[in-house]
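Novice: Quick one: sequence and predicted model below, then my questions.
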Amino acid sequence: MSCNATRYRWLLVPAVVLAMAPAVTAQVAIPEESKIGGFAIGCQAYTFNRFTAFEAIEKTAQAGGKVIEFYPGQALSPDRRDLTVGHDAPAEVIDALKSKLDEHGLRAVNYGVVGVPNDEAGARKVFEFARAMGLRAITTESVDAIDVLERLAEEYGIAVAFHNHPRRPDDPSYKVWDPNYIASLVEGRSPLLGACADTGHWARSGLKPVDCLKILKGRIISSHLKDLNRMGPGAHDVPFGTGVCDIPAVLDELKAQGFAGNLSIEYEHDWENNVPAVAQCIGFVRGYTK
């Protein structure tokens, strides 16, 4: 075989590989108009779990947020408590949510934390809901379904973010609290798989959020951003910049990593009247200038 023929043969290899690779749908990007201080910031609707999804949208907008992350099971509205948000919801729920979001200038970006079954038919329902809502990502802790999640993430172009609750000393099988575990879980897999960085739950586990973000560099899909009054179990949320999570350093690290996801404020304190604290958190990010 001539040198030119050999060269031509090797030039064919990438094309063959690309032809055999599964097609990946382009991931939904968060537009600049949905960002504050360089970040797409708003609320995880669970912040307002004493209220309905419509009220969560209203309160997120009232606090100054631009995006929202829904969770399964929240009643739709004060006058339609028989309907709930989720991947089993009828089309009228999706239409109503979209209309309410448009009314208040908000963008839905995530859905979770949701349990995803380890079978394609069940998991596909979650992705279909996410696509119908125009979401960027799904938030879950269903690590047992990772193969199905990866396959569908690439098919739909929707990211999957593995969330962390606090460490459970009496349950060694619960591993997602550890960023090293999540990093090893997604290593070598699709870039659409990564972490939902819950800074408060890391602090409740005795971990410094910035250190955790560095471990997961390049794999941060989204964040449940929290600041806490102290480290360890039993700590509660406080406005950004007044607690122990070092939110300025967290924002610096996310910016340095080129983070393109959303920051969901999940303020799990003063449940009935937390809009002022959430507004203070958003104001903190609005003033971020680095």
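Specialist: Received the coordinates, thanks.

Novice: Any figure for the gap between residue 224 and residue 93?
Specialist: Distance, residue 224 to residue 93, by Cβ to Cβ, to the nearest Å: 23 Å. Quick note: C-beta positions are derived from backbone N, CA and C, even for glycine.

Novice: again, but for residue 179
Specialist: Using Cβ to Cβ, we find residue 179 at a distance of 34 Å from residue 93.

Novice: buried set for the host helix or strand of residue 147?
Specialist: Using DSSP states H and E, residue 147 sits within helix 146-156. Across helix 146-156, burial judged by 16 or more other Cβ atoms under 10 Å covers 146, 148-150, 152-154, 156.

Novice: tell me which strands and helices it is in contact with?
Specialist: Judged by 3 or more Cβ pairs under 8 Å, 6 or more residues apart in numbering; DSSP states H and E, the packing partners of helix 146-156 are helix 120-133, strand 159-163, strand 193-198.

Novice: now for whatever helix or strand comes next after the shortest one, which elements pack on it?
Specialist: Going back to what we said before, that points to strand 159-163. Of the helices and strands lying after strand 159-163 in sequence (DSSP H and E), the nearest is helix 179-186. Under the contact definition 3+ Cβ pairs under 8 Å, 6+ apart, helix 179-186 sits against strand 159-163, strand 193-198, helix 209-215.

Novice: can you list the residues that contact helix 179-186?
Specialist: 143, 146, 162, 164, 175-176, 193-195, 202, 207, 212-213, 215-216, 219 (Cβ atoms under 8 Å, 6 or more residues apart in numbering).

Novice: Next up, the contacts around residue 222.
Specialist: Neighbour list for residue 222: 69, 109-110, 136-137, 139, 159, 161, 196-197, 261-264 [criterion: Cβ under 8 Å, 6+ apart].

Novice: can we see that at 6 Å?
Specialist: By Cβ atoms under 6 Å, 6 or more residues apart in numbering, the contact list for residue 222 reads 110, 137, 161, 196, 261-262.

Novice: Please apply the same query to residue 117.
Specialist: Shown in contact with residue 117 (Cβ under 6 Å, 6+ apart): residue 123.
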